[in-house]
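Q: heads up, no residue letters with this:
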């Protein structure tokens, strides 16, 4: 038993009732803890004195698939005086039991309520998880509003891609870590430990934290609005920096990477070893937020990736490795890496998968190397159905390259291809939508024209079409999203253009994409909407069975705010954006230039062909860390 202070003994008693509760819910293994690789620390005077609850605002299966959780969980637990534990959003059946039995949301490792934890850390992976964040705080009996939390504990901290515009969450979070979290999170925790030892106040800690590069404390900024509801200005307070720069890891070969993961008792979404091969992207696809906010491009060495993969397989027992990045086929030494890994992976029957292949990055040589172990499926993302639109979004993929790639795959024994597209992209026409069906049919026809195709089998081409969402820090951040009516019309139009039963067509709900766009480019006034929606019962908005768009519409109407103002409005290029005081390395001038080229359907070279001056190369004072010349 891990000792608690006397005033928390009531929670121990309640925790003893958890076993009975677990018999009443789906998948009780979501809440038991105790998996191989989980970390339990003994609390004592000389033991852990900073408790960090790493909260993932979705189910166990989704959260346990997240690489960032795996890295920070292990990293924080490497710190002598820190104990990091995991917390996941309880499914509605578990939430009901927690409330019915008056059990506070607890961490998996200790089964202790997270009410008195020092840090409540959330990873912000997608906008539709925001109501789950509020629900987890409420179930933890933690005040939802940051201004109502007074003591030097319950520091609610956020990180992840949605932190590039955290304004719709500003009222609820004490601070955000912008950019890559390994170094900055440790610095914040060490500062907290120091402030806690000196008996400093919550306010004093937050003011000191705001001076750490990459830390954004929203309460130290005042936002004013114009009469037309746009942002007028954002002013720092109490010595906070005018602009908050994201943090980057300059040497990813030496940065911490775990040698073991927690191995779940149940199947999760991505149940395998994940080894990071690079960060950033050289491509500059104009719709892709990750391609901009994760700049500059940095690669790990072959020896580093190989050693990390080998250790993880040995320590976890997994038989599949996913080489993770935004574009793994852009790794300059990919063939050498696969050769090196095959020296041990093949003998152990370990599958090596490449989840992010480019259409023009797949070759017969690469396929042969992948097929030396167990074969995995092939997925490519042309994104648009016509060359004009692919040029407008700077995809830099030609139709003949896609068809040639499919021919190589069919010759190599593949019969199933998945293709990802977007709908509603800026400058899009119905001709571009029809082009998706035409291109998919060409892939089907190509299979039957390929002489060495697998005999006696039929081809299957799956096209998945998502709705475009304009995101901050991309050239399309100023563009309007298509209305839901326009998107639905295009979805039906494409369905009518598909004639082959060998083509499977999947598409996204336009209402969820609409709400995602609202919060992606929202400002602080959306905090009130989010709170009201949560109070009205919104949970798990990313899950179709729980998403209630009518409730969201009602909340916006009640607060006299327009969803269309945030999603369907073209921004003026000189408008102050809600995230204008945050610096993610790529300059606004560069993004505007890229928007102009998109409107003219002009492409931009990738970073290895020429430096286009995005700003990432000179992001740090030592002259930048771009290694795209390697």
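A: Yes, it's here. Not measured: the values here are computed from a predicted model. Numbers count the residues shown, from 1 in each chain.

Q: show me what contacts residue 530?
A: 130, 131, 134, 168, 169, 172, 519 (C-beta atoms under 8 Å, 6 or more residues apart in numbering). Where C-beta positions appear, they are placed from N, C-alpha and C, glycine not excepted.

Q: Output those in CSV; the columns should cover pLDDT and secondary structure.
A: Formatted as CSV, the entries for the contacts of residue 530 read as follows, by pLDDT from 0 to 100; DSSP: H, G, I helix; E, B strand; the rest coil:
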residue, pLDDT, secondary structure
130, 98, helix
131, 98, helix
134, 98, helix
168, 98, helix
169, 98, helix
172, 98, coil
519, 98, helix
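
Q: Turn those residues into a markdown table, including neighbour count.
A: Rendered in a markdown table, the data for these read as follows (neighbours: other C-beta atoms under 10 Å):
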| residue | neighbour count |
| --- | --- |
| 130 | 26 |
| 131 | 24 |
| 134 | 20 |
| 168 | 25 |
| 169 | 27 |
| 172 | 24 |
| 519 | 24 |
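
Q: what's whichever strand or helix holds residue 182 in contact with?
A: Taking DSSP states H and E as the definition, one finds residue 182 inside helix 181-198. With C-beta under 8 Å, 6+ apart as the contact definition, helix 181-198 has outside contacts at 49-50, 52, 68, 71-72, 75-76, 79, 81-82, 118-119, 121, 152, 155, 157, 159, 175, 177-178, 204-205, 208-209, 212-215, 247, 249, 255-256.

Q: Mind doing that once more with 7 Å?
A: When contacts are defined by C-beta atoms under 7 Å, 6 or more residues apart in numbering, helix 181-198 is touched by residues 49-50, 52, 71-72, 75-76, 79, 81-82, 118, 152, 155, 159, 177, 204-205, 208-209, 212, 214-215, 247, 249, 255-256.

Q: which ones are touching the residue nearest to residue 38 when sequence neighbours are not counted?
A: The shortest distance from residue 38 to any residue that is not its chain neighbour, by C-beta to C-beta, 6 or more residues apart in numbering, is 5.0 Å, and that residue is residue 262. Taking C-beta under 7 Å, 6+ apart as the definition of contact, the neighbours of residue 262 are 35, 37, 38.

Q: Which parts of the stretch 451-600 of the chain are strands?
A: The residue ranges that make up the strands of the stretch 451-600 of the chain, judged by DSSP state E, counting those that start in this stretch, are 460-467, 503-507, 582-583.

Q: And the second one, what does it pack against?
A: Other elements packing on strand 503-507 under the criterion 3 or more C-beta pairs under 7 Å, 6 or more residues apart in numbering; DSSP states H and E are helix 430-449, strand 460-467.

Q: returning to that earlier point: of the contacts of residue 262, closest to residue 343?
A: For those, the closest approach to residue 343 (C-beta to C-beta) belongs to residue 37, at 25.8 Å.

Q: Just to check, the closest one is in contact with residue 265?
A: No - between residue 37 and residue 265 there is no contact under C-beta atoms under 7 Å: 11.6 Å.

Q: Break the chain into its domains for me.
A: Following automatic domain parsing, one gets these domains for the chain: 6-245, 273-525+585-617.

Q: most centrally placed residue in this structure?
A: By C-alpha atoms, centre = their mean, the mean C-alpha position of the chain lies nearest to residue 125, the distance being 3.6 Å.

Q: Skipping its backbone neighbours, what lies nearest it in space?
A: Nearest in space to residue 125, with sequence neighbours left out and distances taken as C-beta to C-beta, 6+ apart, is residue 160 at 5.4 Å.

Q: Kindly report the same for residue 518.
A: The spatial neighbour of residue 518 that comes closest, neighbours along the chain excluded (C-beta to C-beta, 6+ apart), is residue 566 at 4.4 Å.

Q: does that neighbour really touch residue 521, like I thought?
A: Yes - under the contact definition of C-beta under 7 Å, residue 566 touches residue 521, with a separation of 5.6 Å.

Q: Of these two, which one has the most company?
A: Of the pair residue 566 and residue 521, residue 521 is the one with more neighbours under other C-beta atoms under 10 Å, namely 27 against 24.

Q: Next one: the more buried one from residue 430, what distance?
A: Per C-beta to C-beta, to the nearest Å, residue 521 is found 26 Å from residue 430.

Q: go on, residue 22?
A: Separation of residue 22 from residue 430 (C-beta to C-beta) stands at 53 Å.

Q: Quick check on these two: which one has the bigger neighbour count.
A: Regarding residue 22 and residue 430, a neighbour count based on other C-beta under 10 Å identifies residue 22 as having more, with 16 against 12.

Q: Check the more buried one and give its pLDDT.
A: Per-residue confidence (pLDDT) for residue 22: 90.

Q: Distance from the chain centre to stretch 103-120, please.
A: 24 Å (C-alpha atoms, centre = their mean, to the nearest Å).

Q: now stretch 238-245
A: Between the mean C-alpha location of stretch 238-245 and the chain-wide mean there is a distance of 25 Å, by C-alpha atoms, centre = their mean.

Q: so how far does that stretch reach from one end to the other?
A: By C-alpha to C-alpha, to the nearest Å, the extent of stretch 238-245 from end to end equals 18 Å.

Q: and if you look at stretch 543-553?
A: One end of stretch 543-553 to the other measures 17 Å (C-alpha to C-alpha).

Q: Give me the contact list for that stretch.
A: Everything outside stretch 543-553 that qualifies as a contact, by C-beta under 7 Å, 6+ apart, is 509, 511, 512, 515, 533, 536, 537, 538, 539, 540, 541.

Q: Next up, the contacts around the third one.
A: When the contact criterion is C-beta under 7 Å, 6+ apart, the partners of residue 512 are 128, 547.

Q: Swap in 8 Å and give it another go.
A: Contacts here follow C-beta under 8 Å, 6+ apart; on that basis residue 512 touches 128, 541, 542, 544, 547, 549.

Q: mind giving me TSV with the contacts of stretch 543-553 and columns for distance to residue 332 and pLDDT?
A: Below are these laid out as TSV (distance: C-beta to C-beta, whole Å; pLDDT from 0 to 100):
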residue	distance to residue 332	pLDDT
509	39	90
511	42	97
512	37	97
515	39	98
533	46	98
536	51	97
537	50	97
538	45	98
539	44	97
540	41	97
541	40	97
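
Q: got a winner among those for most neighbours?
A: Looking at these with neighbours defined as other C-beta under 10 Å, the largest count falls to residue 515 at 27 neighbours.

Q: right, and the helix or strand after the worst-scoring helix or strand of the chain on mean pLDDT?
A: Within the chain, no helix or strand scores below helix 9-15, which has a mean of 46 by mean pLDDT, DSSP states H and E. Tracing the chain past helix 9-15, the next element assigned as helix or strand by DSSP H and E is helix 18-22.

Q: any idea how far that following helix is from the chain center?
A: For helix 18-22, the separation from the chain centroid amounts to 32 Å (computed by C-alpha atoms, centre = their mean).

Q: mind listing the strands for the stretch 51-200 of the chain?
A: 82-88, 119-123, 155-159, 175-177.

Q: just the angle between the first one and strand 119-123, please?
A: Strand 82-88 runs at 50 degrees relative to strand 119-123, counting by axes from the mean of the first three to the mean of the last three C-alpha atoms, to 10 degrees.

Q: any chance of the strands of the stretch 51-200 of the chain in TSV, with mean pLDDT and distance to residue 391 too?
A: Shown next, in TSV, are these (pLDDT from 0 to 100; distance: least, C-beta to C-beta, whole Å):
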stretch	mean pLDDT	distance to residue 391
strand 82-88	97	42
strand 119-123	98	35
strand 155-159	98	35
strand 175-177	98	36
